[in-house]
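# Below are the sequence and a predicted model for it; my questions follow.
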Amino acid sequence: IAIIAGMTLRLLWLGAGAIRLRRIASRAQSDLADAAALQELIDTAADIRYSRDLAQPATWGIRQPVVLLPVRLRTLNMSIRRAVLAHELVHVRRRDWSALMLEEILRAVFWFNPAVWWLVDRVQVAREEVVDAEAVLYVDGRRSYIDALLAFANAPAIAAAPAFARRRHLFSRIKRLCEESTMSSRRFLVTTCLLTLAIATSAVYVVSAFPIQAGEEVLLAPAAPAFTVGPGVSMQD
């Protein structure tokens with residue numbers, strides 16, 4: 001009961017985030033001209049929208065991807081705006097929203113396993129570092145990109161969208177940006193393999209907790225002992 005209840009609550013929380021994203025996108029103001037040149041450079045065709053209901057930049061959707069940006073981004077300097085747009089458009093080109101949703105569903109199903117939580121977090125921060133390494137090529141320099149990360153590090157994110165910047169990932173991402181070499185794919189592969197192993201062990205535990213078929217042996221109540229009523233007569237209850 002506890003496993004099913006935790007799984008249900010986590011999935012409901014994820015679904016509520018997706019519904020909120022859809023509502024924010026429907027009320028947001030579209031502005032395709034703001035990133036037309038950058039979209040052509042990165043080879044994307046996302047719908048760019050600005051919203052007053054959003055504190056953190058986010059990407060949403062698969063067939064018709066939408067980049068949701070907070071209105072306050074327009075008040076920041078052009079280098080920060082370009083860094084945020086480049087980051088989100090790289091997410092769109094890589095179709096990262098579908099991968100994020102799959103990871104969050106797996107985390108909801110195996111919520112009781114702390115190894116799954118840790119490994120999903122590692123996969124997500126590794127993805128952000130890969131996106132950072134590519135997106136920084138489209139901006140004026142690493143300093144402006146780091147300034148963009150710092151500008152949104154404290155902003156709350158929505159559950160069903162990859163956050164542009166999270167405080168707990170900030171040090172790792174800035175450290176990686178300051179290094180000359182980009183992150184190798186080996187680290188991402190090792191983390192993904194560990195995540196697969198953790199999910200497999202969790203699945204074995206769930207199957208053992210909820211057996212699919214009953215055992216062959218059936219326990220029967222033991223027969224009551226016979227007792228004597230009178231000479232030569234016995235009864236059994």
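That came in fine, so what should we check first? Numbers count the residues shown, from 1 in each chain.
# going forward, measure contacts between C-alpha atoms and count neighbours the same way
Will do.
# quick one, phi/psi of F152?
phi -120, psi 10 (degrees, to the nearest 10).
# swap in the one 10 residues further on?
For P162, the backbone dihedrals (degrees, to the nearest 10) come out as phi -70, psi 120.
# Tally up the residues packed near it, please.
Other residues lying near P162 total 23 when counted by other Cα atoms under 10 Å.
# Need the per-residue pLDDT for the nearest residue to it once chain neighbours are set aside.
Spatial nearest neighbour of P162, excluding adjacent residues (Cα to Cα, 6 or more residues apart in numbering): A58 at 6.1 Å. We have a pLDDT of 88 for A58.
# same thing with the one 5 residues further on?
According to the model's per-residue confidence, R63 sits at a pLDDT of 82.
# and it, that's in a strand?
No: read with DSSP: H, G, I helix; E, B strand; the rest coil, R63 is coil and lies in no strand.
# measure it to P162 for me?
The spacing between R63 and P162, counted by Cα to Cα, to the nearest Å, is 17 Å.
# Give the buried residues for stretch 42-51.
Neighbour-count burial for stretch 42-51, counted by 16 or more other Cα atoms under 10 Å, picks out T44, A45, A46, D47, I48, R49, Y50, S51.
# So which of those are in strands?
Judged by DSSP state E, the subset of these located in strands is D47, I48, R49, Y50, S51.
# so what pLDDT did the last one get?
You'll see S51 listed with a pLDDT of 90.
# thought it was touching R74?
No: applying Cα atoms under 8 Å, one finds S51 not in contact with R74, separated by 10.9 Å.
# Residue ranges in this structure under the pLDDT threshold?
180-192, 194-195, 198-199, 202-237 (pLDDT under 70).
# Where do the helices of it begin and end?
Along the chain, counting by DSSP state H, helices occupy 2-27, 36-42, 78-94, 96-109, 114-135, 142-151, 167-178, 185-209.
# mind listing what's buried in the shortest one?
The reference is to helix 36-42. Neighbour-count burial for helix 36-42 [16+ other Cα under 10 Å]: L38, Q39.
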